[in-house]
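*Asks:* Pasting the sequence and the predicted model now:
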Amino acid sequence: MTPTPADGSAGDSTEGPAVVLDTIHKRYGEKRAVDGISLTVPRGEFFGLLGPNGAGKTTLVEIMEGLRRPDSGSVTVLGRHPWPRDPELLPRLGVQTQASAFFVRLTAREHLETVAALYKADREAAERGLAAVDLTEQGDVRVDDLSGGQRQRLAIASALVHDPELIFLDEPTAALDPQARRALWQVLRALKGAGRTIVYTTHHLDEAEALCDRVAIVIDGRIVALDTPGKLVAASSSLTRLVVPADRLSLTDARAIPGVLRATEDGDSIVLETEDSGPVLSAVDAIAGLHGVQTRTASLEDVYLELTGSPQA
Ligand SMILES: Nc1ncnc2c1ncn2[C@@H]1O[C@H](COP(=O)(O)OP(=O)(O)OP(=O)(O)O)[C@@H](O)[C@H]1O
């Protein structure tokens, strides 16, 4: 075993990967929340953690943040050990959780200035933070009076105000409307462009596909897939899905078409899966016409649903 230097560092803390997890286990009673996860996140990566409710994502992130101690395994974050709490490491991390704390009696601006002061960042940092999440206009509104989505954006600004190297975001777009969600994507892309490392938990598969360099899909405390979204999609299947209005094609007729591997009902549509879309499209055309027929290739959502066994949306 390599001895740990007296200052808590695990070696050079300005180079090397942002996060290294080696065979992490964490149980709550009989529940194995994290069951032997190993993972390396290089610096500058936008890394996504996906998985169903209760898969162990939050526990894993809390272990990286130094909020929880694993039962076994080793954790290195920016070259240091996050547990026990490391005062040198904390200012280098930005943490937004689903239950971020606020100074509720303050205005949004005062809240951010207070957070900035705690981190010894300047007042301008607070103003920049407000602007980054499009809250400048709400700067004088009390935190108490902000909408849920505005408060969520303030939580994100609070996590970024001290310009951290490594940022943990736990479902940051959960309460945002589509416009605010897209606006936040721009903020996140800019952070990545500035060389920050981001560990991102989300249930939005489109978001993971659009933002993340790599994603890990976690189920029951284990990583079941880890790669770039593109490679996960490419490796998963060469299936094309044809979506045909159900009033024009019956399930029986769909299943009888040569080349159709699977046909299922989905609301007002029949979904045909095939590896050879040309002849199947011709057959659909002959039976039902092509009006209203849509073609869909696989997405990260399909990979996710295949792996998690969830019903097709
Ligand atoms: N403090 C705790 N005490 C007991 N069990 C816990 C505790 N925290 C989490 N668990 C359990 O551990 C498992 C993993 O939970 P965790 O919150 O890490 O999952 P998650 O993937 O983040 O879920 P979600 O997507 O719902 O946030 C779940 O079965 C959960 O009920």
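*Replies:* Noted; the coordinates are in hand. Numbers count the residues shown, from 1 in each chain.

*Asks:* could I have whichever strand or helix holds A210 exported to PDB, CA atoms only?
*Replies:* Assigned by DSSP states H and E, A210 belongs to helix 205-211. Written as PDB, here are the backbone C-alpha positions of helix 205-211 (Å, rounded to 0.1, in the frame of the first residue of the first chain):
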ATOM      1  CA  LEU A 205     -31.300  11.000 -21.500                       C
ATOM      2  CA  ASP A 206     -31.400  13.700 -24.200                       C
ATOM      3  CA  GLU A 207     -29.400  15.900 -21.900                       C
ATOM      4  CA  ALA A 208     -26.800  13.300 -21.200                       C
ATOM      5  CA  GLU A 209     -26.500  12.600 -25.000                       C
ATOM      6  CA  ALA A 210     -26.100  16.300 -25.700                       C
ATOM      7  CA  LEU A 211     -23.700  17.300 -23.000                       C
END
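
*Asks:* following it, which helix or strand comes up?
*Replies:* Sequence-wise, the next helix or strand downstream of helix 205-211 (DSSP H and E) is strand 214-219.

*Asks:* How far off centre is that following strand?
*Replies:* 9 Å (CA atoms, centre = their mean, to the nearest Å).

*Asks:* Would you mind identifying the next helix or strand past it?
*Replies:* Next along from strand 214-219, by DSSP H and E: strand 222-227.

*Asks:* Any buried residues in that next one, and which?
*Replies:* Residues of strand 222-227 classed as buried: R222, I223, A225, L226 (neighbour count, 16 or more other CB atoms under 10 Å). In short, each C-beta sits where N, CA and C put it, glycine included.

*Asks:* same check, this time on stretch 70-84
*Replies:* Under 16+ other CB under 10 Å, the buried positions of stretch 70-84 are P70, G73, V75, T76, V77, L78, G79, R80, H81, P82, W83.

*Asks:* ok but the last one is inside a helix, no?
*Replies:* What it means is W83. No - under the criterion used here (DSSP: H, G, I helix; E, B strand; the rest coil), W83 is coil, not part of a helix.
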